[in-house]
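1. heads up, no residue letters with this:
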Ligand code: F6P
């Protein structure tokens, strides 16, 4: 077994040697020695301006990373995805979220059949339905207009719509409020239902499989709430729609066929916001805005396929993740949007990256001997600055971070936005420059620090710097720019999966917990387990819970 993916020995070894050369090189010094560094390593991808120049890279690094991508067959694999080949090998499926936003409408074949007519038909159905609800033509059971939409889903059937609807708040209509319920914790749905009237509420039950325990439990609770209050089963038809690939299960739930929005097994859960899973987005911002979101993603799809590799933002961002994860030993990566409305982007990307690339076997089923997916985390600036940035600046860990900001906000508080952007720039600059011990000492002396504390304080107040950051700017957070941004990350994830030789499109790791939870449910209800069915800790906890709950 090798410690690197197949076919990459030469490229991997070259990168390893190069990392040793670069280990003690400071990015700040690289800027000193190259007045074109910023131009060289910054690029346009759709509306996004992506600056990679504050990363620990040289032209040689990019050359070697691109050689690694080539050795791993990136171009052929990318073509295979766009052509609809079954690159999700364990599930034996095509991976075609790119077809959902294929605005050029060129045919894309799956098993010899063009999928575009079906994609377009569902888009038209979404447009018709959402238009009718937004115009007040679609009425509830008692004839009232719909004022509230509740998306019930989890994982990919929740995080994407929630992130996008929140990000595009300025485009939403005051006449319709969107709510999200994902957690099976009864507190989540109780809190949402407490503020709603059944007469004017529409539930969108979003589940690819329509078997997910959390979503089904919440959907049944919502259904009971509605039927009890409106005193008729018939009300379900006017207040429930479903988004799913499993039409049989939807019918079992009692949702009529005309109220079902279909999608297909070649859409992965965490890549599904472009499909009918985006219905709550369309309800919130309108069909035209949703199309702009699709167009933004399509533009990035083209960029990923056609741009010169040296200026291909998703390709290079994906490879940077490999550079830090496999050659610098970085374990995590931060996503730091300087935009409050992107507050759900880190959790969205957490699923996108971690469910896609958190894999420990390669495509041949062999255990990998190299690091794969990074831990993704983050939250909006400037809040994070007063919480965990301390560790980014002076901690012992290397954590590459993406800083994201729109140049113009939607609000009129210009002064706030100036301060926000100043912080964005200050943080990325400080993370790179740091402050040496000698500089700190000189500063302290000038400030008249007591001589007996000089050593201690100059140690504590100096910053190592050389902490890598990527800056992503856009003119404004429009649907189009957001489409650019999400697709940028999707293709970075894809790139990493290809380099690591893993299946980025299955999620087997989530299954075991699901199975055990189903088995344990009866025992939790009973407050006890049969002897020998569990490890001692689980059996002990079950018994203790049984006592606490009087079972
Ligand atoms: O968490 C595992 C997962 O399968 C995700 O991949 C998916 O997005 C989520 O569950 C929800 O699944 P479904 O849409 O089938 O309810």
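-> Thanks, I have the structure now. Model, not experiment: these values are computed from the prediction.
2. what does the stretch 451-551 of the chain have sitting close to the ligand?
-> 507, 510 (CB under 6 Å from any ligand atom). C-beta here means a position set from N, CA and C on the backbone, and glycine is covered the same way.
3. of all of the stretch 451-551 of the chain, which residue lies closest to the ligand?
-> residue 510 (3.9 Å; CB to the nearest ligand atom).
4. my read: that residue touches residue 354, true?
-> No - with contact taken as CB atoms under 8 Å, residue 510 and residue 354 are classed as non-touching, separated by 10.6 Å.
5. which of these two has more residues huddled nearby?
-> Taking other CB atoms under 10 Å, residue 510 and residue 354 do not tie; residue 354 has more neighbours (18 against 12).
6. so which helix or strand takes in that one?
-> helix 345-357 (DSSP states H and E).
7. for the chain, name the helix or strand with the lowest mean pLDDT.
-> When each helix and strand of the chain is scored by mean pLDDT, DSSP states H and E, helix 511-526 comes last, with a mean of 87.
8. please point out which parts of that helix sit buried.
-> residue 523 (16 or more other CB atoms under 10 Å).
9. for that helix, packing partners?
-> Applying 3 or more CB pairs under 8 Å, 6 or more residues apart in numbering; DSSP states H and E, one finds that helix 511-526 makes contact with helix 213-230, helix 536-548.
10. how far out from the middle of the chain is the first one?
-> This means helix 213-230. Centroid separation for helix 213-230 versus its chain: 28 Å, with CA atoms, centre = their mean, to the nearest Å.
11. elements contacting the next helix-or-strand element following it?
-> Once helix 213-230 ends, the next helix or strand along the chain (criterion: DSSP H and E) is helix 236-239. Contacts defined by 3+ CB pairs under 8 Å, 6+ apart place helix 236-239 against strand 201-206, helix 213-230.
12. okay, strands next: where are they in the stretch 51-200 of the chain?
-> Shown for the stretch 51-200 of the chain, the strands assigned by DSSP state E, counting those that start in this stretch span residues 109-110, 113-114, 148-152, 177-181.
13. single out the most deeply packed of those strands.
-> By mean neighbour count, with neighbours taken as mean count of other CB atoms under 10 Å, strand 148-152 ranks first of the strands of the stretch 51-200 of the chain at a mean of 24.
14. do stretch 155-172 and the ligand meet at all?
-> Yes - shown here: stretch 155-172 in contact with the ligand (CB under 6 Å from any ligand atom) through 155-157.
15. what does this protein put close to the ligand?
-> By the rule CB under 6 Å from any ligand atom, the part of the chain lying against the ligand is 154-157, 207-209, 212, 215, 269-270, 355, 507, 510.
16. one more pass at 8 Å, please.
-> Contacts of the chain with the ligand, taken as CB under 8 Å from any ligand atom, map to 153-159, 206-212, 214-215, 244, 268-270, 272, 277, 351, 355, 507, 510, 514.
17. so residue 230 sits right up against residue 141, yeah?
-> Yes - contact status for residue 230 versus residue 141: in contact at 5.4 Å, counting by CB under 8 Å.
18. shared neighbours, the two?
-> Both residue 230 and residue 141 are contacted by 199, 239, under the criterion CB atoms under 8 Å, 6 or more residues apart in numbering.
19. what lies in contact with stretch 185-204?
-> 133, 138, 140-142, 144-153, 179-182, 218-219, 221-223, 225-226, 229-230, 235, 239-243, 279-280, 283.
20. buried ones among those?
-> Applying 16+ other CB under 10 Å to the contacts of stretch 185-204, the neighbour count classes 133, 138, 140-141, 146-153, 179-182, 218-219, 221-223, 225-226, 230, 235, 239-243, 279-280, 283 as buried.
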